[in-house]
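Here is my input; please provide its structure:
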Amino acid sequence: MSGKLLYDLKSVSKTFVKGKEKITIFDKLDMSIAEGDFLAIMGPSGSGKTTLLNMLGGVDQPTGGEVFFNNSRVDTLSEGQLARWRANNIGFIFQFYNLMPMLNAARNVELPLLLTKLSSSQRKKSVETALKLVGLSDRATHMTSEMSGGQQQRVAIARAIVSDPKLLLCDEPTGDLDRKTADEILSMLQLLNRKFGKTIVMVTHDAAAAAYAKRTLHLDKGVFVEKDLAA
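Below you'll find the model as predicted:
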């Protein structure tokens, strides 16, 4: 892995308490992500993939260890500080899009910008740019019910990139799509990575999806093992 270090997890632990039982997801996990990386994370259900993604997005805090983003520690931030940090640095893309059905495409894309100090005209320009990038300029006023699954995921990608975040976190972004549409979405993510330098971490069960990434890590019982998908 080359490039400037963007994310660095040092001896990170994560445990949950369920009744009288203590469940350990990670125990002293180390992980580094460089700027411009496109990392696919694979592993069986229950291996902690989504928990890890949530920690990278500041939604879930580690039980122990240290988490650094751009050389600044983020695991010690307050909830308010984390919310502002997420708004400035992280874009989320989900399997089931998580769009607001009562809003049209443009309004859905605008949502993250409502947390910023941008004016209405600045927000409108940013939304137009993001929708153009994903090829949906002509769907700006369409409601989600008027769009296909692939188009809805494109809107979700536009929403994720509209604030120009440093890191895109994708949780099974093609899990609800057919192969052809999935490949179109993955090609778009690859373009965002290669042409626009977006750092991407994608959780997936699909080896064909992982093949679009620059590297793949397999998570099993809280431990990462790098594998060659061609092997």
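
which stretches of the chain form helices?
Assigned by DSSP state H, the helices in the chain fall at 49-56, 79-89, 105-110, 120-133, 149-161, 179-194, 207-210.

Please list all residues in contact with the nearest residue to Ser163 once chain neighbours are set aside.
Once flanking residues are discounted, Ser163 sits nearest to Pro112: 4.9 Å by CB to CB, 6 or more residues apart in numbering. Where C-beta positions appear, they are placed from N, C-alpha and C, glycine not excepted. With contacts defined as CB atoms under 8 Å, 6 or more residues apart in numbering, the neighbours of Pro112 are 87, 91, 159-160, 162-163.

ok, back up a step: tell me which of the helices of the chain lies nearest to Met31.
Among these, helix 49-56 comes nearest to Met31, with 8.0 Å by CB to CB.

Counting by contacts, list what that closest one packs against.
Packed against helix 49-56 by the contact rule (3 or more CB pairs under 8 Å, 6 or more residues apart in numbering; DSSP states H and E) you find strand 5-18, strand 21-34, strand 38-42, strand 167-171, strand 199-203.

Run through who's touching stretch 96-108.
Stretch 96-108 is contacted from outside by 92, 111, 127-128, 131, 136, 139-145, 147, 149, 152-153, 155-156, 158-159, 176, using CB under 8 Å, 6+ apart.

Swap in 7 Å and give it another go.
With contact meaning CB atoms under 7 Å, 6 or more residues apart in numbering, stretch 96-108 is reached by 127, 131, 136, 139-145, 152-153, 155-156, 159, 176.

ok, now stretch 32-39?
Residues from elsewhere that reach stretch 32-39 (CB under 7 Å, 6+ apart): 1-8, 193, 197, 199-201, 213-215, 217.
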